[in-house]
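Visitor: Quick one: sequence and predicted model below, then my questions.
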Amino acid sequence: MLFQPTYFSPIYQFQKLVNADKVVFEVQDNFQKQTYRTRFKIYTPNGIQTLHIPIKHKKGVRQKTRDVEIEYSFRWQRKHFKSLQNSYRSSPYFEFYEDDIAPLYEKKHKYLLDFLLLTQELSFEMLQIDIPYSKTIAYEPSYPSELDFRYFDNAKIKKEFKVKKYTQVFEQKHGFIPNLSILDLLFNEGPNAISILSI
């Protein structure tokens, strides 16, 4: 199955990932804005919050995904980790995973792709699944539809994906919110997350 590497991917992407024998991540395409490559959504006391990774833009140049560099002119890492702490401190499993996630926000990776692949690997580890992956070596515009899920990175997709309901920290305030980051599922369900993903 072919996917874009994304930042702590949405739950619907993991519903496909967990059923893959092996995964290929697209790294040879032109980088696209407004995708889950640079953002993910969490559940806060005020509802949905989107956390963004700033990148270095090169005027007049179309960058390949593999070449995009992260911008560190402001402390986005501290903001992201603090937002996770503030939103999920009271969830059942946040403390269980906190020490695994913290190092991601301490090292400054030059390339966005390196950071994204680390979030993918850590997500696999926290879900206790072993999925071998590789990276594309050339860009191909099309693959068989049953294998090509690169469009899942599009943050503007309106398609409804079926997601099993699970308990969320602020559900009594704002109701159940589907298709947040895989972290929302892990912090709330822990080892049971894998059964939620199996539809």
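Guide: Now that the structure is in, tell me what you want to look at. It should be emphasised that the depicted structure is a prediction, and the values quoted were computed from it without experimental measurement.

Visitor: Show me the strands in this protein, by range?
Guide: For the chain, the strands defined by DSSP state E occupy 2-3, 23-25, 39-44, 47-52, 133-135.

Visitor: Could you list the low-confidence segments of this protein?
Guide: Across the chain, the ranges flagged by pLDDT under 70 are 158-160, 199.

Visitor: picking that back up, would you list the strands of the chain in CSV and tack on mean neighbour count and distance to residue 112?
Guide: C-beta here means a position set from N, CA and C on the backbone, and glycine is covered the same way. Formatted as CSV, the strands of the chain follow (neighbours: other Cβ atoms under 10 Å; distance: least, Cβ to Cβ, whole Å):
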stretch, mean neighbour count, distance to residue 112
strand 2-3, 20, 15
strand 23-25, 19, 12
strand 39-44, 20, 12
strand 47-52, 13, 12
strand 133-135, 14, 14
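
Visitor: Residue 161: which of those strands is closest?
Guide: strand 39-44 (13.6 Å; Cβ to Cβ).

Visitor: Give me the helices and strands touching that closest one, please.
Guide: strand 47-52, helix 76-88, helix 182-189 (3 or more Cβ pairs under 8 Å, 6 or more residues apart in numbering; DSSP states H and E).

Visitor: Do you have the helices of the chain handy? List them.
Guide: Using DSSP state H, the helices found in the chain span residues 11-17, 76-88, 94-101, 112-127, 171-174, 182-189, 193-197.

Visitor: Indicate which one of those helices is closest to residue 68.
Guide: Residue 68 lies closest, by Cβ to Cβ, to one member of the helices of the chain: helix 112-127, at 4.4 Å.

Visitor: same for that closest one, what does it pack against?
Guide: Counting contacts by 3+ Cβ pairs under 8 Å, 6+ apart, helix 112-127 is packed against helix 94-101, helix 182-189, helix 193-197.

Visitor: List the buried residues in that helix.
Guide: For helix 112-127, the neighbour count (16 or more other Cβ atoms under 10 Å) marks 112, 113, 115, 116, 117, 119, 120, 122, 123, 124, 126, 127 as buried.

Visitor: picking that back up, using a markdown table, lay out the strands of the chain together with distance to residue 67.
Guide: A markdown table is the format used below for the strands of the chain (distance: least, Cβ to Cβ, whole Å):
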| stretch | distance to residue 67 |
| --- | --- |
| strand 2-3 | 19 |
| strand 23-25 | 15 |
| strand 39-44 | 19 |
| strand 47-52 | 19 |
| strand 133-135 | 13 |
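
Visitor: so residue 87 touches residue 41, yeah?
Guide: No. Between residue 87 and residue 41 there is no contact under Cβ atoms under 8 Å: 10.9 Å.

Visitor: Now do the shared contacts for those two.
Guide: Listed as contacting both residue 87 and residue 41 by Cβ atoms under 8 Å, 6 or more residues apart in numbering are residue 49.

Visitor: circling back: for residue 25, find the nearest of the helices and strands packed on helix 112-127.
Guide: Nearest to residue 25, of all the helices and strands packed on helix 112-127, is helix 182-189, at 15.6 Å by Cβ to Cβ.
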